[in-house]
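I'd like to go over a predicted model; first the sequence, then the structure.
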Amino acid sequence: MPRYNFKETEARWRAVWDRQASFAASEDSSRPKYYVLEMFPYPSGRIHMGHVRNYTLGDLVARYKRARGFNVLHPMGWDAFGLPAENAAKERGVHPAEWTRENISAMRGQLKSMGLSYDWSREIATCEPQYYRFEQKMFLDFLEAGLAYRKESWVNWDPVENTVLANEQVIDGRGWRSGAEVEKRQLSQWFLKITAYAEDLLKSLEGLERWPSRVRLMQENWIGRSTGAQIFFNLEGRDDRLEVYTTRHDTIFGATFCAIAANHPLAQEVAKNNPEITEFIASCNRLGTSEAAIETAEKKGVDTGLRAMHPFIADCPLPVYVTNFVLMEYGTGAIFGCPGHDQRDLDFSLKYGLPVIPVVAPADAAEGFTIGEEAYLGDGVMINSRFLDGMTIAQAKEDIAGRLEKMGAGKKTVNYRLRDWGVSRQRYWGCPIPVVHCQDCGLVPVPEKDLPVVLPEDVDLDLPGNPLDNHPTWKDVDCPACGKPARRETDTFDTFFESSWYFARFASVSDSQAFGREAVDYWLPVDQYIGGIEHAVLHLLYSRFFTRALKQCGYLGIGEPFDGLMTQGMVCHQTYSDEDGNWLYPSEITHDGKGDLVTASGGKPVTAGRSEKMSKSKKNVVDPEAIIDAYGADTARLFMLSDSPPDRDLDWTDAGIDGAWRYINRLWRLFTEPAVNPAPGGAPRPDVLSPQVEKTHRAIHKTIAAVGNDLDRFHFNKAVARIRELTNLLEDLKEGMDGAAWVMGEGLDTVARLIGPMMPHLAEEVWRHLGRDTLLVDAAWPQADAALLVEDRITVAVQVNGKLRGTVELPKSADKETAETAALALPGVVKVIGESTIRKVIVVPDRIINVVI
RNA sequence: GCCCGCUUGGCGGAACAGGUAGACGCAACGGACUUAAAAUCCGUUGACCGAAAGGUCGUCCCGGUUCGAGUCCGGGAGCGGGCACCA
């Protein structure tokens, strides 16, 4: 049986597309534009299955939209700054720039072997000065617009390596390499004022109708708008006051203590003469900066000795605790504790023996309501609250806010959880921040004519600390303002900076500007953005903010960068381990004769674990290059699209890739050795079609309609299933059936077009086999004949009391009586009804008949 | 800890707006072809009872709404993503 020669075929068609520049995009007002973008990869060195999945999905959309007549932009580039390059430099002594450029070159080759319809002429790498020079300019514009500023903020500090650690480099409170206990340290850093757009970023989520609702919800919660009140507590024996933020001012009479963050100014002050508090603050600082670490730690606190005076109860001093669970970054860094109605406050109170006063009771249990180990968070009526008693929570909030404002003891406020974006990194492999520190002039922006500030190549990454700061000469510069010796900023940008505007750069890559205004006006926003759900908040929110900031600075005119968003699931694979519990690569496993898994080398027993996200650490990875080499790109692509819907996790299995490979060959045989020779394209419809041929003819058009519908809604696995069904029918056509040749011709033409976006190389090959002298990549999507989509008779299910008892075939839109009569005549129905009285018959036309007895 | 998801046969999944649960595929089993194997083709396949006709049960668990629930509502379990310096 001849096999499809994918190696020769795939390479040949890629060369043809290349030669014809099939995927080069240019502005064209005669066709609607469509910008498809997949999240660009970090150039780690080799593509992984997650990339294969992401880029297969994007390519399907791009090729499909092209066939539908859109002017498609589909670019690719490299998110090339980042920590791994520095780690590689430290571990293997290779320069980050060299390592990155080699990785890009290797990965570009791998991506090209997948047959992706990219316009490679627009390729960008963010680590090159011709890219990052423009973001230096953007930063200067942001600075001028008041969107960038400097403030102190906390970082994880490794005292042994003298370096700032990323959260992922802090493991159980210790530095990943040194093992030293991490300290929180305060550094002066650059921030972008994302909070200036908090309200707009929140409100505009509503308009992002083609985003998954869960992503919008996650962003909504991340921005975290709350309406509450600031309350000012006078401090006993002092002139200053404690300002707290709360969303539960209704529970003010349940307040039994106040709590402040460990880095609250008052805590710092009290610590000066209190060794216990000093030690407690130090222990809080050892927790690092990650919110997860802080929130999961046991709730602890120390009494400061300060007493906050209750604003509504005379002579009611509340103890003020320094705690590890109040965050300085949120609200005012201080709260009042109401243990009755907040679980954290209750846990804390039970631990430190503070009183618990319930002030809200469920409406039906107001008498004698008490709190045990669970705070009451529900709705109810106010109790134990003097003038508030009997009110609802909402009424109490209004009342209290009004009184606070009258007394000058507080005010209603809106608060956001969202914090400004800290963009300073004490790292080498990033974009230099274009600022000079001058003793006399302060912070001086680098003049535009001196951009780009280029990263020096000659750095020593083995020294502890910030490599740019360690460089012997780079930071020495004359102040652009006064000309005296000054010092360059040695921090670089967060790498989210580069990925916040790359989609605009793709619209027009030029040496003179970040992007052309006409080009972005034409191409943006991105019509379909595709990437991992792990970027649901940070990258996508930063890009939305950046778009607003760029608009404010006159760069572009759009409101949102990504009109449609698709989030893909992870690629998973079964894990394997040997007797000693060491992970094994799938390639190290084989079957013994008895059906057990053993190691390929020594025949030792292997334990198969559950399927998890492919990761190098668990070795459950399959190398895309090996798969493409063994089965071809189309097989790999088909497997990525079959079975699992894009937003769910996908399990990589050998059986699955074999199944895809078999289907590729089956398609190949259907075209090259069809049971019925297809009539040539454009042949007239024969007068007579045999029943099976007629059914197949209808199926062709139903498939066209269904596949289009599925692709529009990203149900790619269903589209594959529909196409398989159609090919099953075409395989059943036999020589001698009336009209078989004509329908086979129509069927093969249709299948070739439908598989084009999924298996582009095979599709192009069979297209040529059909005798077409054009390229399939330039062919239009097929059109379904609407007349063939409707059936005149429909099978309707018949239930008795909701249980299926049979089916009846009825004319389409049959009236109620006809349906009812037919249903009640069914033997199965008659038997079940027996002597019972029919109480009701529900008829939903063309769907169901339910007899209620 | 907080926020957001997911859970359907042996497996991946399908079921559009609450209306025939299991499309399509994988695996398994039986058969054809073959000296044999591979490849390919045909058939069976949710569980249980039954010779069959047919029946009962069944979409993570518990409860509710409805003529009717995989789908809607309340509660719970398990698994996963994010938590601001991984990208």
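Cool, the structure landed.

contacts, neighbours, all on C-alpha from now
OK.

so who does residue A:225 touch?
The contact partners of residue A:225, taken as CA atoms under 8 Å, 6 or more residues apart in numbering, are A:414-417.

and it, what are its phi and psi?
When read as degrees, to the nearest 10, the backbone of residue A:225 gives phi -70, psi 130.

state the distance from it to RNA strand B.
Shown here: residue A:225 relative to RNA strand B, a distance of 11 Å by CA to the nearest atom of the strand, to the nearest Å.

distance check, that residue against residue A:379.
Using CA to CA, to the nearest Å, one obtains 21 Å as the distance from residue A:225 to residue A:379.

now do stretch A:686-693: distance from first to last residue.
End-to-end for stretch A:686-693, by CA to CA: 11 Å.

in it, which residues are buried?
Using 16 or more other CA atoms under 10 Å as the test for burial, stretch A:686-693 gives A:689, A:692-693.

same check on stretch A:313-325?
Neighbour-count burial for stretch A:313-325 flags A:317-325 (criterion: 16+ other CA under 10 Å).

cool, stretch A:519-537 as well?
Neighbour-count burial for stretch A:519-537 [16+ other CA under 10 Å]: A:519-520, A:522-533, A:536-537.

what about stretch A:630-650 and RNA strand B, touching?
Yes. Stretch A:630-650 is in contact with RNA strand B by CA under 7 Å from any atom of the strand, via A:642-645, A:648-650.

which other residues reach that stretch?
For stretch A:630-650, contacts defined as CA under 8 Å, 6+ apart pick out A:6-7, A:10, A:52-53, A:56-57, A:113-115, A:566-572, A:627-628, A:656-657, A:660-661, A:664, A:714-718, A:720-721, A:758-762.

next one: stretch A:165-174
With CA under 8 Å, 6+ apart as the criterion, stretch A:165-174 contacts A:155-158, A:175-176, A:180-182, A:286-290.

what is the burial count for residue A:392?
Residue A:392: 18 surrounding residues under other CA atoms under 10 Å.

my guess is residue A:305 contacts residue A:317, does it?
No. With contact defined as CA atoms under 8 Å, residue A:305 does not reach residue A:317; the gap is 10.8 Å.

what residues does the stretch 751-853 of chain A have near RNA strand B?
Within reach of RNA strand B by CA under 7 Å from any atom of the strand, the stretch 751-853 of chain A has these residues: A:795-797, A:801-805, A:807, A:828, A:842, A:844, A:847-850, A:852.

just the buried ones from the residues you listed?
A:796-797, A:805, A:807, A:828, A:848-850, A:852.

any idea how far the closest residue to RNA strand B within chain A is from residue A:229?
For chain A and RNA strand B, the shortest gap (CA to the nearest atom of the strand) falls at residue A:166, measuring 2.8 Å. Going from residue A:166 to residue A:229 by CA to CA gives 34 Å.

the stretch 501-650 of chain A: helices as residue ranges?
In the stretch 501-650 of chain A, the helices defined using DSSP state H, counting those that start in this stretch lie at A:502-505, A:517-523, A:538-552, A:624-631, A:633-641.

deepest of those, which one?
helix A:633-641 (a mean of 26; mean count of other CA atoms under 10 Å).

picking that back up, now the residues of stretch A:630-650 next to RNA strand B in JSON lines, with neighbour count?
What follows is the residues of stretch A:630-650 next to RNA strand B, written out as JSON lines (neighbours: other CA atoms under 10 Å):
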{"residue": "A:642", "neighbour count": "21"}
{"residue": "A:643", "neighbour count": "18"}
{"residue": "A:644", "neighbour count": "17"}
{"residue": "A:645", "neighbour count": "17"}
{"residue": "A:648", "neighbour count": "12"}
{"residue": "A:649", "neighbour count": "15"}
{"residue": "A:650", "neighbour count": "25"}
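
can you pull the buried residues of stretch A:290-300?
Neighbour counts using 16+ other CA under 10 Å place A:294, A:299-300 of stretch A:290-300 among the buried residues.

try stretch A:47-60
Under the neighbour-count criterion of 16+ other CA under 10 Å, stretch A:47-60 has A:47-60 buried.

among those residues, which ones lie close to RNA strand B?
The overlap between the buried residues of stretch A:47-60 and the neighbours of RNA strand B (CA under 7 Å from any atom of the strand) is empty.

just to revisit the earlier point, now the helices of the stretch 501-650 of chain A in CSV, with mean pLDDT?
Listed next are the helices of the stretch 501-650 of chain A as CSV, based on pLDDT from 0 to 100:
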stretch, mean pLDDT
helix A:502-505, 98
helix A:517-523, 96
helix A:538-552, 97
helix A:624-631, 94
helix A:633-641, 96
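
rewinding a little: among the buried ones among the residues of the stretch 751-853 of chain A next to RNA strand B, name the ones in strands.
With strands taken from DSSP state E, the overlap with these comprises A:796-797, A:805, A:807, A:848-850, A:852.

what's the biggest helix in chain A, counting residues?
The single longest helix within chain A, with elements called by DSSP state H, is helix A:691-712.

from the contact counts, what lies against that one?
Other elements packing on helix A:691-712 under the criterion 3 or more CA pairs under 8 Å, 6 or more residues apart in numbering; DSSP states H and E are helix A:716-732, helix A:740-755.
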